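**Student:** need a 3D model of the following:
(chains A and B)
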There are 2 protein chains.
Amino acid sequence: MKDLKKRILAGNQADLDEIENQLSENLKPYLDLVSEVANHILFAGGKRLRPLLLVLAAKICGYSDKYAKTVASAMEYLHAATLLHDDIIDDAVLRRGKTVAHSVYGNAVTVLVGDFLLARALAICADSGKIKVIHIISDLTENMSTGEVHQLMRKGDVTLTEEEYMEVIRRKTAVLFQAACTVSAVIAEAPPEKEQALSDYGYNLGLAFQMIDDLFDYTMDTVALGKEVGADLKEGKLTLPIIEALKHADSADRDQMVKIIQNEDFTDDEFKSLVALLHKNDGIDYTLKKSRTFVARAKEALSIFETSKYKDSLLDIADYALARRL
Amino acid sequence: MKDLKKRILAGNQADLDEIENQLSENLKPYLDLVSEVANHILFAGGKRLRPLLLVLAAKICGYSDKYAKTVASAMEYLHAATLLHDDIIDDAVLRRGKTVAHSVYGNAVTVLVGDFLLARALAICADSGKIKVIHIISDLTENMSTGEVHQLMRKGDVTLTEEEYMEVIRRKTAVLFQAACTVSAVIAEAPPEKEQALSDYGYNLGLAFQMIDDLFDYTMDTVALGKEVGADLKEGKLTLPIIEALKHADSADRDQMVKIIQNEDFTDDEFKSLVALLHKNDGIDYTLKKSRTFVARAKEALSIFETSKYKDSLLDIADYALARRL
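**Tutor:** Numbering: from 1, shown residues only, chains lettered A, B, ... in the order given. The predicted structure follows:
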């Protein structure tokens, strides 16, 4: 796994450096406080996965203009904007191992800097001169906001189905991965089949990525996770490992699980019992298996592209989605 | 004044009805809760001033396609989005005489529905096929968010200057009025001088409108205002009447004013003394005089257009900005 990460980083170091550079360059608000809050979330050790996907997708379509890195920074701004708004929603405490922005700067400024980042992303995308890019961004923003509302509405509800879970992660995560890849194809003026292939790659990768992320909440410790373990559960966010395990649990297991799920102040021991029940009732393995399917689909989508170092990196990133820190 | 309002409404009833219709038509989220929260703010007796400006500005440029009303609804969505986010920021209680959305639905959903409305507005504007419209929207969103941050940063600070106040209201209010008028000219493919004239009209009208709005906080009662009297002051929002009066106040008046300003829990009697001091020290008259100057500029900007009923309505609206409920 470490080799995979090393290979992705080493193979794309120059682009990653330029992305980092663009993230500072394109912000420039007239108020220092806006930069400060934006930087709090932007430079907190994010993996730059979405911007890197955009740059690689552009290159695989033969587009290597510097503007790709500029639009790539827009994708990270969009991502950061949703993190700022989501952390208010979840009343989260830690994000990427740091105190969340709204605890430091207050809800008000945090909401507004989220809006500012959205506006910056939009301005950058408008510079492409392509209305199709704007449609992608507006669809994306619409999906992400309604996906989050959907998740909120079903908070703590143990009748949540796998179908609904998939709908939520499609909207709140997969569409952004998909957009990062599709925007590139549009800017590169790639033929429709390449645009579709990159769209499919991003979409399936995004689904797998979110599933694995949700799995981490039950398989990792706080230090590795960079946020509180069991945070999803504390927020009443029911994810696939729970949904699947509830399906298979006998009545005693189910009762025990529901009791822990519905108690916001569960103890560490209770959380450990829950994790054990998730393993026992196939919640962990099923989620892993399902995310592997989506990774396979993401990789398969790239088959129409000839071999290149860009394609290799995109394939590596798909594998990394599965392999990272499990 | 009542005649002015009647004339504006009667002269544009068909357009206002179609705007109302478009506001429902273009929303359509897949979740009922999203409609419910959006409708809470959208159908709470708003004046539809911004959409009406857009439609009239389009018509004065000879554009009468139905799409003008669709884009007009986008302007109201943008406005509503900022109201939802602002009310969280201000921790307001009443808006247009109704309990604010976040008290009914919670901060989380309210932030997200604001994001959703922004996304819908963007999608509608993208349908224009004109990148310039998108640039206007992104500039607007950037200005509005940073203007609000600026206002927050200077909360309760009695050293706030008129210059800073003007910068804040330019960003948070005037740019949206300006955008509503400019977008029309762009969609109508009007010549540059007409676009500039409408931009100037909207900008100056927006400044006057916000000044008068800020004045209301010191000259109207709760029922007429539709929100708590003295709400601005309670939030530490210092506006032109205060800034100007502080300039002229002798040391005793100034001390008394500062004491009331800096006490969040001022009594009704203290508030009345403050209003009296604003009158005495020219805060009220100066604000009124200054807003008249901007209304005059707004009307002057329209001089390049030939007489028409659309122009008459735009002139009436400018007068109404001054005359409404004073």
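
**Student:** just the endpoints, please. Distance across stretch A:55-73?
**Tutor:** From its first residue to its last, stretch A:55-73 covers 10 Å (Cα to Cα, to the nearest Å).

**Student:** residues making contact with it?
**Tutor:** For stretch A:55-73, contacts defined as Cβ atoms under 8 Å, 6 or more residues apart in numbering or on different chains pick out A:12, A:15, A:18-19, A:21-23, A:25-26, A:50-52, A:54, A:124-125, A:127-128, A:133, A:180-185, A:187-190, A:194, A:198, A:201-202, A:302, A:305, A:308, A:310-311, A:313-314, A:317. Every residue, glycine included, has its C-beta placed from N, CA and C.

**Student:** list phi and psi for whichever residue of the stretch 201-326 of chain A sits closest to chain B.
**Tutor:** Nearest residue of the stretch 201-326 of chain A to chain B, counting by Cβ to the nearest Cβ: A:Glu235, 10.3 Å away. Note on A:Glu235: backbone dihedrals following degrees, to the nearest 10 are phi -80, psi 0.

**Student:** again, but for the one 3 residues further on
**Tutor:** Backbone geometry at A:Leu238, expressed as degrees, to the nearest 10, gives phi -90, psi 130.

**Student:** check contacts around it.
**Tutor:** A:Leu238 neighbours (Cβ under 8 Å, 6+ apart): A:Arg154, A:Gly156, A:Asp157, A:Val158, A:Leu160, A:Tyr165, A:Asp232, A:Ile261.

**Student:** quick check, nearest of the residues you listed to chain B?
**Tutor:** So of these, ranked by how close each gets to chain B (Cβ to the nearest Cβ), first place is A:Arg154, at 10.7 Å.

**Student:** pLDDT at the nearest residue to that closest one once chain neighbours are set aside, what is it?
**Tutor:** Among residues not flanking A:Arg154 along the chain, A:Leu160 sits closest, at 5.1 Å (Cβ to Cβ, 6 or more residues apart in numbering or on different chains). pLDDT, A:Leu160: 96.

**Student:** looks like A:Leu160 contacts A:Glu244 (just checking).
**Tutor:** No: using Cβ atoms under 8 Å, A:Leu160 makes no contact with A:Glu244, being 11.3 Å away.

**Student:** interface residues of the stretch 151-300 of chain A facing chain B?
**Tutor:** By Cβ under 8 Å from any Cβ of the partner chain, the residues of the stretch 151-300 of chain A that approach chain B are A:Leu152, A:Met153.

**Student:** now do the contacts for A:Leu16.
**Tutor:** With Cβ under 8 Å, 6+ apart, A:Leu16 has these contacts: A:Leu9, A:Arg48, A:Leu52.

**Student:** make CSV from those residues and add secondary structure and neighbour count to it.
**Tutor:** As requested, those are arranged in CSV below (DSSP: H, G, I helix; E, B strand; the rest coil; neighbours: other Cβ atoms under 10 Å in any protein chain shown):
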residue, secondary structure, neighbour count
A:Leu9, helix, 13
A:Arg48, coil, 23
A:Leu52, helix, 23
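
**Student:** including pLDDT, could those residues go into CSV?
**Tutor:** Formatted as CSV, the contacts of A:Leu16 follow (pLDDT from 0 to 100):
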residue, pLDDT
A:Leu9, 91
A:Arg48, 93
A:Leu52, 97
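
**Student:** so where's chain A uncertain?
**Tutor:** Across chain A, residues meeting the criterion (pLDDT under 70) sit at A:1, A:89-98, A:100, A:221-228, A:325-326.

**Student:** ok, longest helix in it?
**Tutor:** If you go by DSSP state H, chain A has its longest helix at helix A:192-219.

**Student:** can you give me the helices for the stretch 101-250 of chain A?
**Tutor:** Taking DSSP state H, counting those that start in this stretch as the criterion, the stretch 101-250 of chain A contains helices spanning A:101-105, A:107-126, A:131-153, A:162-169, A:175-187, A:192-219, A:222-225, A:231-234, A:240-248.

**Student:** name the nearest of the contacts of A:Leu238 relative to B:Thr82.
**Tutor:** Of all the contacts of A:Leu238, A:Arg154 has the smallest distance to B:Thr82: 28.3 Å, by Cβ to Cβ.

**Student:** isn't that closest one up against A:Thr161?
**Tutor:** No: A:Arg154 lies out of contact with A:Thr161 (Cβ under 8 Å); the separation is 9.5 Å.

**Student:** more neighbours: which of those two?
**Tutor:** Using other Cβ atoms under 10 Å in any protein chain shown, the more surrounded residue of A:Arg154 and A:Thr161 is A:Arg154, with 18 against 11.

**Student:** just checking, the residue of the stretch 201-326 of chain A closest to chain B touches A:Arg154?
**Tutor:** No: with contact defined as Cβ under 8 Å, A:Glu235 does not reach A:Arg154; the gap is 11.8 Å.

**Student:** A:Leu52 and A:Ile19, how far apart?
**Tutor:** 7 Å (Cβ to Cβ, to the nearest Å).

**Student:** what's the answer for A:His85, then?
**Tutor:** 23 Å.

**Student:** neighbour-wise, which of the two wins?
**Tutor:** Comparing A:His85 with A:Ile19 by other Cβ under 10 Å, the one with more neighbours is A:His85, at 27 against 23.

**Student:** so how far is whatever helix or strand that one lives in off the chain centroid?
**Tutor:** Assigned by DSSP states H and E, A:His85 falls within helix A:67-90. Here helix A:67-90 shows a centroid-to-chain-centroid distance of 10 Å under the convention Cα atoms, centre = their mean, to the nearest Å.

**Student:** and it, which residues are buried?
**Tutor:** The neighbour-count check on helix A:67-90 (16 or more other Cβ atoms under 10 Å in any protein chain shown) flags A:68-90 as buried.

**Student:** how far off helix A:107-126 does it point, in degrees?
**Tutor:** Counting by axes from the mean of the first three to the mean of the last three Cα atoms, to 10 degrees, helix A:67-90 lies at 160 degrees to helix A:107-126.

**Student:** for A:Glu36, give its distance to B:Leu207.
**Tutor:** 29 Å.
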